[in-house]
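1. The sequence and its predicted three-dimensional model are supplied below.
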Amino acid sequence: QKEVEQNSGPLSVPEGAIASLNCTYSDRGSQSFFWYRQYSGKSPELIMFIYSNGDKEDGRFTAQLNKASQYVSLLIRDSQPSDSATYLCAGLYNFNKFYFGSGTKLNVKP
Amino acid sequence: GAVVSQHPSRVICKSGTSVKIECRSLDFQATTMFWYRQFPKQSLMLMATSNEGSKATYEQGVEKDKFLINHASLTLSTLTVTSAHPEDSSFYICSVFLVGEYTEAFFGQGTRLTVV
């Protein structure tokens, strides 16, 4: 398995704060990276993807990719209790396989 | 967007029996589907790649004789857990890729398997 690493957390932030989730990867052959949100007992749902160095913003979410340092991050602005979930970072390798990190559990406290 | 339907969502079976899980791509034809397993508080682990009309490709450490995969049509892949044991209890999820300007993975609802 390709190595995609995340801090398992839990990461606790107060409502309205910025949540910062990080992911590192060990294989420079990955093409793009994805952030998925997974609620307990449910399948993952896509939040964002990024394949170019730099930042990509979508609403309250910003994904950041640094290929030289091999890390990916996800920022959630104005965090809401409904954002409480496990966030999975995934790398796409060889254009045909996803490998997932272990996930970071986020708790947003009202 | 693509919709992937997985059935059943939950199944409880006795040790030693076999269980079949179906994964259907509803919106487009999928020559390739992926099967993942997720243990509690762990990430998704790729088990195998299901290829329409040919043999599945299994990841290292996954027993192909225990986890039988059949991809008989462009919209259906099945995973059969044979001679299930309690350690096979897990959350099994199938996935389909949509390749376009970028590649995105769509997931089935998942199947919670409990072997008693």
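-> Arrived safely, thanks for sending.
2. Find the nearest non-adjacent residue to B:T80, please.
-> Here the nearest residue to B:T80 in space, its sequence neighbours aside, is B:L68; by Cβ to Cβ, 6 or more residues apart in numbering or on different chains that works out to 4.2 Å. From N, CA and C alone the C-beta is placed, and that goes for glycine too.
3. what secondary structure does that neighbour sit in?
-> Following DSSP: H, G, I helix; E, B strand; the rest coil, B:L68 is assigned to strand.
4. and the closest residue to A:D58 other than its chain neighbours, which of the three is it?
-> Nearest residue to A:D58 in three dimensions, chain neighbours excluded: A:M48, at 5.5 Å (Cβ to Cβ, 6+ apart). With three-state DSSP as the basis, A:M48 sits in strand.
5. who are the neighbours in contact with A:M48?
-> The contact partners of A:M48, by Cβ atoms under 8 Å, 6 or more residues apart in numbering or on different chains, come to A:34-35, A:56, A:58, A:61, A:63, A:74.
6. do that again at 6 Å, thanks
-> A:M48 makes contact with A:35, A:58, A:61, A:63, according to Cβ atoms under 6 Å, 6 or more residues apart in numbering or on different chains.
7. which ones among the residues you listed are found in strands?
-> In this view, the contacts of A:M48 that belong to strands under DSSP state E are A:35, A:58, A:61, A:63.
8. Count residues in the vicinity of the first one, would you?
-> Right, A:W35. Neighbour count for A:W35, taken as other Cβ atoms under 10 Å in any protein chain shown: 23.
9. how close does it sit to A:I76?
-> In this view, A:W35 and A:I76 are 10 Å apart by Cβ to Cβ, to the nearest Å.
10. ok, now the second one?
-> Between A:D58 and A:I76 the distance, using Cβ to Cβ, works out to 11 Å.
11. of these two, who's got more company?
-> Neighbours per residue (other Cβ under 10 Å) separate A:D58 from A:I76, with A:I76 holding more: 23 against 11.
12. Isn't the more buried one up against A:A19?
-> Yes. If you go by Cβ atoms under 6 Å, A:I76 and A:A19 touch, sitting 4.2 Å apart.
13. can you confirm A:S82 is in a strand?
-> No. Read with three-state DSSP, A:S82 is helix and lies in no strand.
14. Now it. Nearest residue, chain neighbours left out?
-> Leaving aside its chain neighbours, A:S82 sits nearest to A:V108 (7.8 Å; criterion: Cβ to Cβ, 6+ apart).
15. I'd say the one you found and A:S84 touch.
-> Yes. Using Cβ under 6 Å, A:V108 is in contact with A:S84, at 4.9 Å.
16. picking that back up, farthest pair in the ones in strands among the contacts of A:M48?
-> Maximum pairwise distance among the ones in strands among the contacts of A:M48 (Cβ to Cβ): 10.2 Å, between A:W35 and A:D58.
17. ok now do the residue nearest the centre of chain B, which residues does it touch?
-> Chain B has B:W35 as the residue nearest its centroid, 3.5 Å off, counting by Cα atoms, centre = their mean. By Cβ under 6 Å, 6+ apart, the contact set of B:W35 is B:47-48, B:79, B:94.
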